[in-house]
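# quick one, fold the following:
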Amino acid sequence: MERESSDEDEDRENLIDQNERPGKSPPKHSTFHIDDFKNGITGNRRFSFNKRFLFAIFLPLFIIIVYFSTDIKNLFQTRVFDLKFDASINRLRQSELRALYLLREQQLGLFNLWNRTFATQSNFTAPDSMNSSANSTDSSTALHDHFLPLSSSALLEDIKSVVLNQINLNKQIQQVLLSSHQSGNFLDVADNVTDPIPYVGVNRCRKVEQNPSQRRTIEWKPRSNKFLFAICTSGQMSNHLICLEKHMFFAAVLSRVLVIPSSKVDYEFSRVLDIDHINKCLESKVVVTFEEFVENKKNHVHIDRFKCYFSSPQPCFMDDEHVKKLKGLGISMNKLESAWVEDAKKPRKRTVQDVIAKFSTDDDVVAIGDVFFADVEKECVMQPGGPIAHKCKTLIEPSRLIMLTAQRFIQTFMGVNFIALHFRRHGFLKFCNAKSPSCFYPIPQAADCINRAVERANTPVIYLSTDAAESETDLLQSLVVLNEKIVPLVKRPARNSAEKWNALLYRHSLDGDPQFVIFSVCSAAPADAEALFDFESSLDAHRGRSNLLRSSAAVRLPPPSMIVEAMLDKTICALSNVFIGSSGSTFTDDILRLRKDWGSASLCDEYLCRGEVPNFIADDE
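Modelled structure (predicted):
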């Protein structure tokens, strides 16, 4: 307002005739002055100046009145200010929530260290009687505590690693809290401060300590003429492998030989699994192929008892099409019956005694249907090495050819120190957004999580197992940076005759079969092999959602080459120093099982962006 008043005064001064001066009277003229005619002309000029003078006065007054009556300033500025204010509040809230989560992680980590330090001392003198017998049913026993017992040197390294992880968490908390108060250019104050304890000489991502002697196991000593016919229908390859592993446990409990499904109704397991390896590990014929089973029965295959573990949504978790295919193989069977009321959407916790009571029989050949969702002695089944006593690291593992090919790939492209990332994207947007919280992260947020893992593991390269489009992986690659250098994301290259790391697969005809049948009804086939084995349908069912069963008529088996490539991906990931998986993916779960059984699991293994909520979530359809 002061400025507007001064402008008005200047305008007034400019409108006064240059011959007039403030404080002086105008000069007097004689009545008979000869310039009267000129004075008349001067008077007309003053009249025009007076109109301009009035216009100059009323225009600012009009503007002032309009300004105060309509509040134009607030009209144009309020919303912008509110948007900035709301964005600031939202950013502050997110930072606080993230900081609280990290503080909670830090607290739990320190408590865990405190408890382990004292618990270790008592475990050094623990009697052998603490080892549970094969018939033990104490499911509350800590079966997968990989840290106890530790030697004194291992305990010291464990303490160092945990303390440094807490220092790193503290640094993250500082950065999160600082980010909520920053505007404009990012200034990371924490980067300007030297860490009080250097990381040199400490392996922050060392292998998880295991103690095989603490395993609870059951002996698998089958009767040679008693068989359990394995049937797996839910989801794809990873689900079927988990189903097969649980069938092995049931076969051990019931003292039966397990029959591997035919490739005409299931995957050709012989391409990707070392079936002979299972028998060698138990030094007995505990597993037979379908062809061996048919030969044993002299082509008269009959399932004497078809007692279903699951009664709903369909008996034995099988659709009519799968039953028809079994009969098409020349298998006869009695009517399906349910052992109990059991819903695959809400499976109950069961014990070994429950299984023995319901499924023990003298019939030669029995089947219990798909058991992927069965919850029987979960702690025992999930322990490193599995629930069955054997002399190997794990029973279900990739074939020797796939293992050698994975090792040759690592020697060619990766080296000894690398992170493996399973970055599941196909179908995951819809699947994750149906969960609370969602597990589908925007690429920049995912890159931030990966960068923290790379910094912690101090690795120069990342193996990327993904079904994501190139538009996503290209952006991800540009954002994965450590010390201002891009960390390469390596994917398996297309077949090239000049490269010899994968020659074993092609030499032994594992590169595919021209007569395979692929997705006849699916709306869109995934771009990457691993997505075929991890369908959201079975995962949805595992969390009580609809669309439980994928009909075998709707989804046909993928080409053998894709099955082999997927198992190759799993093997490479399982051999990495550090593994980052996708939460909710059975493909990831199977990799974690292999790492746990092989002893390659790391203290830095985690799910991508574990504990974080996606910073943006799309609305439902």
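
# which residue ranges form the strands in the stretch 451-600 of the chain?
Ranges of strands within the stretch 451-600 of the chain are 462-466, 481-482, 485-486, 489-490, 578-581, based on DSSP state E, counting those that start in this stretch.

# which among those is found nearest to residue 256?
strand 578-581 (33.5 Å; Cβ to Cβ). Bear in mind the C-beta positions are built from the backbone N, C-alpha and C, glycine included.

# strands paired with that closest one, and their directions?
Counting by DSSP bridges, the strands paired with strand 578-581 are strand 419-423 (parallel), strand 606-607 (parallel).

# average pLDDT for it, rounded please.
The average pLDDT within strand 578-581 is 98.

# list the contacts of it.
Contacts made with strand 578-581 from outside it, assessed by Cβ atoms under 8 Å, 6 or more residues apart in numbering, are listed as 205, 419-422, 449-450, 453, 457, 459, 573, 588-589, 591-592, 595, 601-602, 604-608.

# do that again at 7 Å, thanks
For strand 578-581, contacts defined as Cβ atoms under 7 Å, 6 or more residues apart in numbering pick out 205, 419-422, 450, 453, 457, 459, 573, 588, 591-592, 595, 602, 604-608.

# quick check on the residues you listed: which are buried?
Buried members of the contacts of strand 578-581, scored by 16 or more other Cβ atoms under 10 Å, are 205, 419-422, 450, 453, 457, 459, 573, 588, 591-592, 595, 602, 604-608.

# please name the residues that touch residue 618.
Residue 618 neighbours (Cβ under 7 Å, 6+ apart): residue 433.

# any figure for the gap between residue 506 and residue 496?
11 Å (Cβ to Cβ, to the nearest Å).

# among these two, which residue is more densely surrounded?
Counted by other Cβ atoms under 10 Å, residue 506 and residue 496 do not tie: residue 506 has more neighbours, with 14 against 9.

# now the more buried one. Nearest residue, chain neighbours left out?
residue 495 (7.7 Å; Cβ to Cβ, 6 or more residues apart in numbering).

# likewise for residue 583?
Counting by Cβ to Cβ, 6+ apart, residue 607 is the residue found nearest to residue 583 once chain neighbours are left out, at 4.1 Å.

# before we move on, the earlier item: out of the strands of the stretch 451-600 of the chain, which comes closest to residue 380?
Short answer: strand 578-581, nearest of those by Cβ to Cβ, at 22.8 Å.

# can I get the closest one as CSV, trimmed to CA atoms?
This file holds the C-alpha atoms of strand 578-581, laid out as CSV (Å, rounded to 0.1, in the frame of the first residue of the first chain):
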residue,chain,number,x,y,z
VAL,A,578,23.3,-62.6,-1.0
PHE,A,579,19.8,-63.2,-2.3
ILE,A,580,16.9,-60.7,-2.5
GLY,A,581,13.6,-62.3,-3.2
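
# highest mean neighbour count out of the strands of the stretch 451-600 of the chain?
Each of these was scored by mean neighbour count; the highest is strand 578-581, a mean of 26, by mean count of other Cβ atoms under 10 Å.

# which residues does the residue nearest to residue 583 bridge with?
residue 581.

# can you pull the contacts of it?
Contacts were defined as Cβ under 7 Å, 6+ apart; by that measure residue 607 touches 581, 582, 583.

# on that earlier part again, can you redo the strands paired with strand 578-581 as TSV with mean pLDDT and distance to residue 228?
TSV is the format used below for those (pLDDT from 0 to 100; distance: least, Cβ to Cβ, whole Å):
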stretch	mean pLDDT	distance to residue 228
strand 419-423	98	32
strand 606-607	96	34
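
# make TSV out of those and add distance to residue 408.
Below are the strands paired with strand 578-581 laid out as TSV (distance: least, Cβ to Cβ, whole Å):
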stretch	distance to residue 408
strand 419-423	16
strand 606-607	28
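
# quick check: which of the ones you listed is nearest to residue 577?
Nearest of those (Cβ to Cβ): strand 419-423, 6.6 Å.

# next helix or strand past the closest one?
Counting by DSSP states H and E, the next helix or strand C-terminal to strand 419-423 is helix 428-433.

# for that following helix, what is the average pLDDT?
Here the average pLDDT along helix 428-433 is 92.

# any buried residues in that helix, and which?
Buried residues in helix 428-433 (16+ other Cβ under 10 Å): 428, 431, 432, 433.

# between those residues, which is closest to residue 480?
residue 428 (19.3 Å).

# quick one: contacts for the closest one?
residue 440.

# quick revisit: nearest to residue 479 among the contacts of residue 607?
Nearest to residue 479 among the contacts of residue 607, with distances taken as Cβ to Cβ, is residue 582, at 17.8 Å.

# kind regards, and thank you for your time.
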